[in-house]
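> missing the sequence, but the structure's below:
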């Protein structure tokens, strides 16, 4: 899970919160105890968690921006002024500077 906190008009930082270590450990435990028919699915899940855990905070913030824009119904260019406006409408406490910084990260890390 990724949580984003620190959004306000006075703060331009975004703190990512990740609990992939706990999820990975739970999957390892389940895999150790799994019957043979469940192993392929759990192995795939463990590989996905490991790849997600390797993502940098910048990539996570970029993904968060695209998710917020999609949830707001924005389908245009992430690098546009309209994207900044849509992001600020989706997150009203986000400052203009914060929105622009997040937009730049999303542009720099396309998925």
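Yep, that arrived. All values reported here derive from a predicted model rather than from experimental measurement.

> Give me the below-cutoff pLDDT ranges for the protein.
Scanning the chain for pLDDT under 70 picks out 1-18.

> any chance you could map the helices in it?
Assigned by DSSP state H, the chain shows helices spanning 20-33, 39-53, 57-71, 81-90, 96-108.

> got CSV for those helices, with mean neighbour count too?
Where you see a C-beta, it was placed from the backbone N, CA and C, and this is true even at glycine. As requested, the helices of the chain are arranged in CSV below (neighbours: other CB atoms under 10 Å):
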stretch, mean neighbour count
helix 20-33, 13
helix 39-53, 13
helix 57-71, 18
helix 81-90, 17
helix 96-108, 18
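
> Contacts only, for the residue lying closest to residue 108 once chain neighbours are set aside.
In space, and not counting its chain neighbours, residue 108 is closest to residue 62: 7.1 Å by CB to CB, 6 or more residues apart in numbering. The contact partners of residue 62, by CB atoms under 8 Å, 6 or more residues apart in numbering, come to 102, 105, 106, 108, 109, 110, 111.
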